[in-house]
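# The amino acid sequence is not available; the structure is as follows:
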């Protein structure tokens, strides 16, 4: 159980944050890894680390998920290198901290381009490879903010990010319905606050905010997503699709 040898996982947002966490969790169990992002030099270093640490094949593919031609080229690269894609984890994300009344249209659009349109393009193209083998595990990373609103005491606007993550959750449900016939499961992972380049975790002001609003009164730690990633992408988990797995320290239960 939970043996990933012979499986190939494509992970967007592979230069940092949750993308790197997911790559480590899968590579530790023998999965071959394709890391995708715009920052190619960082991807190369991350791929090298995975190979040296776990002894798996890991490659870096430069890709801006908002560019259709680049996503198609990335799918062709994966097909040439591995001949298959068994797992797709969409971690690429973007957000801005402007109040809705001050939010420029281009910032709104930039977030939706990455979090919604880019995710759609990745699912569409790599879903084609999965359909050929009648097998696939897709995990779309959303957020608890796709289900709830933050109190204004957060001190920053986050409306476009919340809108995009809500779209991801329902897009995932619809895709799960359409692709069940192909042996492809599609689920959403909705984390609470974890450390990343865009997260406020680690900033002094955030401590009081999370103490007030999160039942566990802390942010999530890196290893606390591993079990969910393994559960959602393993071969044995073949009957769960269209679900939203929330890991948020109890935030959304209040």
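Thanks, I have it. Given the structure is predicted, the values throughout are model-derived calculations rather than measurements.
# Residue 60 touches residue 38, doesn't it?
No - using CB atoms under 8 Å, residue 60 is not in contact with residue 38; the gap is 11.3 Å. The way it works is simple: take the backbone N, C-alpha and C, and place the C-beta from them, glycine included.
# Comparing those two, which shows the higher neighbour count?
More crowded of residue 60 and residue 38, by other CB atoms under 10 Å: residue 60, with 22 against 16.
# Could you check the pLDDT of the more buried one?
Reported pLDDT at residue 60 in the predicted model: 98.
# my read is it is in a strand, agree?
Yes - applying DSSP: H, G, I helix; E, B strand; the rest coil, one finds residue 60 inside a strand.
# Can you name the residues that contact it?
14, 35, 36, 40, 43, 44, 46, 47 (CB atoms under 8 Å, 6 or more residues apart in numbering).
# Could you identify the least confident member of these?
Lowest pLDDT of these: residue 14, 91.
# Narrow the contacts of residue 60 to just the buried residues.
14, 35, 36, 43, 44, 46, 47 (16 or more other CB atoms under 10 Å).
# Mind picking the two most distant members of the contacts of residue 60?
Greatest spatial distance among the contacts of residue 60 (CB to CB): 36 and 44, at 12.1 Å.
# so where does the nearest residue to residue 96 once chain neighbours are set aside fall, helix or strand?
Of all residues not flanking residue 96 in the chain, residue 107 sits nearest, at 4.6 Å (CB to CB, 6 or more residues apart in numbering). If you go by DSSP states H and E, residue 107 is part of helix 105-112.
# What of residue 25?
According to DSSP H and E, residue 25 maps onto helix 17-27.
# avg pLDDT for that helix?
95.
# which strands and helices sit next to it?
Packing partners of helix 17-27 (3 or more CB pairs under 8 Å, 6 or more residues apart in numbering; DSSP states H and E): strand 8-12, strand 32-37, helix 40-54, strand 87-90, helix 226-233.
# Run the angle between it and helix 226-233 for me.
70 degrees (axes from the mean of the first three to the mean of the last three CA atoms, to 10 degrees).
# Compute the first-to-last residue distance for stretch 228-244.
11 Å (CA to CA, to the nearest Å).
# what do you get for stretch 13-20?
First-to-last residue span, stretch 13-20, CA to CA: 8 Å.
# Chain neighbours aside, what residue packs nearest to residue 247?
Counting by CB to CB, 6+ apart, the residue nearest residue 247 is residue 191, at 5.3 Å.
# residues contacting that neighbour?
Contacts of residue 191 by CB under 8 Å, 6+ apart are 18, 141, 143, 144, 220, 225, 247, 248.
# and residue 162, what does it touch?
Residue 162 neighbours (CB under 8 Å, 6+ apart): 143, 145, 146, 149, 150.
# among those, which are in helices?
In helices, judged by DSSP state H, none of those are found.
# ranking the residues you listed by neighbours, who comes first?
residue 143 (27 neighbours).
# Residue 166 is in contact with that residue, correct?
No - in this structure, residue 143 is not within contact of residue 166 by CB under 8 Å, at 9.1 Å.
# hmm, who's touching stretch 226-233?
Stretch 226-233 has contacts (CB under 8 Å, 6+ apart) with 2, 9, 21-22, 25-26, 29, 87, 89, 137, 139, 187, 189, 237, 240, 245, 247.
# Now do the strands for the stretch 51-200 of the chain: every range, in order, please.
Listed in chain order, the strands of the stretch 51-200 of the chain (DSSP state E, counting those that start in this stretch) span 58-62, 87-90, 136-141, 184-191.
# As CSV, those strands with distance to residue 100 would be great.
Listed next are those as CSV, based on distance: least, CB to CB, whole Å:
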stretch, distance to residue 100
strand 58-62, 33
strand 87-90, 25
strand 136-141, 23
strand 184-191, 22
